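structure of the sequence below:
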Amino acid sequence: MNLNSVNHDIRKGLLIDKLLRGFKEHEYVWIAWKAASTNNYTPRDFFNFYNEKYSYEYLFDYIKTTLSKLEEEEINLFIKNCHNEQKEYILNIDINLHLKDDRLCWFLINRFTQDYHIPILIRESTFKKLKNPETSSQINNYILYKHTSKSRIYRQNNNHKIHKNINNPKIFILALIYLNPEITHNIIQKNSDLEKYIADFDKVIKEKINLNKYIKDKDFIEWSKNYIDKNFEYNVFPQFLFEKEKLHENYIYAYFDDLYIHNREKYINDLNKLKKAWQQNVFRLKNKDNLKKKFHLPLRKNTKVRLKELAAINNISESELLEKLINKEYEEYKDYK
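Got it, this is the predicted structure:
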């Protein structure tokens, strides 16, 4: 390799580094897609592209690697175009500040895909939950379109792939906001809707009827996901059978967050159903090895009142309090005897 070739590569590297330093990390999302288009990527590859490059680090490396294959003049032109087009991607809010919470990212994905009628490809197992199931051979020919009221299936060509996952909701919602033509055709409307959706999410967070008391319980998270799948019509994202506890938590939140916006009455009803079923489940587990036979003990009215009051003070049931008092007396009787 001669000196001119080395200097040429150094100059290209410096140009690319200057480009990447001149933009914020979240802007790598649209810059990477712009770089990808030089490699003949088509819009059909959009979903898969951001599933593979699902972090700022991956996007950074992709931009650097892709541009390094171009000639110096082409890199300069690419950089010039990026700066000229940057204003098209400016958002009215500090997007990095808001998208630190995956729960908000899923909420925004659901709001944008519903309100803008954006199709999202999902994996085969999800279709098993739909009320009109198809055979596995037919499933690969379909695409799920999400709507506010319900999910619907439309036929797609035989070569269409079913994508496995949304690996990073933060990267994916940025890709939607920056690049989806349904959203980007009206920049003012896009910014207005984004601000409105974030304000709606703040209302959800402040709602007093919530799962805050339960959601940090690992057993509750796993049980709740299964209960939701069996008892509620889950037609929001994430639609996937995650293994990680934190992702199960987002799965549960996504259902109720979306429901709060569209049907608060059902939100309250379903939330109460879930809580009641969980409490019954806990009670059954607690007492499965300690089955009790029911007895009727007639008590004077004032004694019953005192029993109820003492039980409340000790935060236990009346039957538990009676057992406790009887066992205590019995132990003292044994010692005396």
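
where does the stretch 1-150 of the chain have low pLDDT?
1-6, 38-44, 121-150 (pLDDT under 70).

in it, which spans are helices?
With DSSP state H, counting those that start in this stretch as the criterion, the stretch 1-150 of the chain has helices at 3-21, 28-36, 46-52, 56-68, 72-85, 95-98, 102-115, 124-127, 136-139.

buried stuff in the fourth one?
With burial defined by 16 or more other Cβ atoms under 10 Å, the residues of helix 56-68 counted as buried are 56, 58, 59, 60, 62, 63, 66, 67. Bear in mind the C-beta positions are built from the backbone N, C-alpha and C, glycine included.

which elements pack onto it?
In terms of contacts (3 or more Cβ pairs under 8 Å, 6 or more residues apart in numbering; DSSP states H and E), helix 56-68 is packed against helix 3-21, helix 28-36.

what angle separates the first one from helix 56-68?
Put plainly, it is helix 3-21. For helix 3-21 against helix 56-68, the angle by axes from the mean of the first three to the mean of the last three Cα atoms, to 10 degrees is 140 degrees.

after the top helix by length along the chain, next one along is what?
In the chain, taking DSSP state H as the definition, the longest helix is helix 264-287. Following helix 264-287 in sequence order, the next helix or strand is helix 301-314 (DSSP states H and E).

mind exporting the C-alpha coordinates of that following helix to PDB?
Extracted in PDB, the C-alpha atoms of helix 301-314 (Å, rounded to 0.1, in the frame of the first residue of the first chain):
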ATOM      1  CA  LYS A 301     -72.200  -9.000  69.400                       C
ATOM      2  CA  ASN A 302     -69.700  -6.900  71.400                       C
ATOM      3  CA  THR A 303     -67.200  -9.800  71.300                       C
ATOM      4  CA  LYS A 304     -67.500 -10.000  67.500                       C
ATOM      5  CA  VAL A 305     -66.900  -6.200  67.300                       C
ATOM      6  CA  ARG A 306     -63.800  -6.600  69.400                       C
ATOM      7  CA  LEU A 307     -62.500  -9.500  67.400                       C
ATOM      8  CA  LYS A 308     -62.900  -7.500  64.200                       C
ATOM      9  CA  GLU A 309     -61.100  -4.500  65.700                       C
ATOM     10  CA  LEU A 310     -58.200  -6.600  67.000                       C
ATOM     11  CA  ALA A 311     -57.900  -8.300  63.600                       C
ATOM     12  CA  ALA A 312     -57.700  -5.000  61.800                       C
ATOM     13  CA  ILE A 313     -55.000  -3.700  64.300                       C
ATOM     14  CA  ASN A 314     -52.900  -6.800  63.600                       C
END
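
identify each buried residue in the longest helix of the chain, please.
Neighbour counts over helix 264-287 (16+ other Cβ under 10 Å) mark 267, 270, 271, 274, 275, 278 as buried.

ok, the third one - contacts?
Counting by Cβ atoms under 8 Å, 6 or more residues apart in numbering, residue 271 touches 209, 210, 211, 256.
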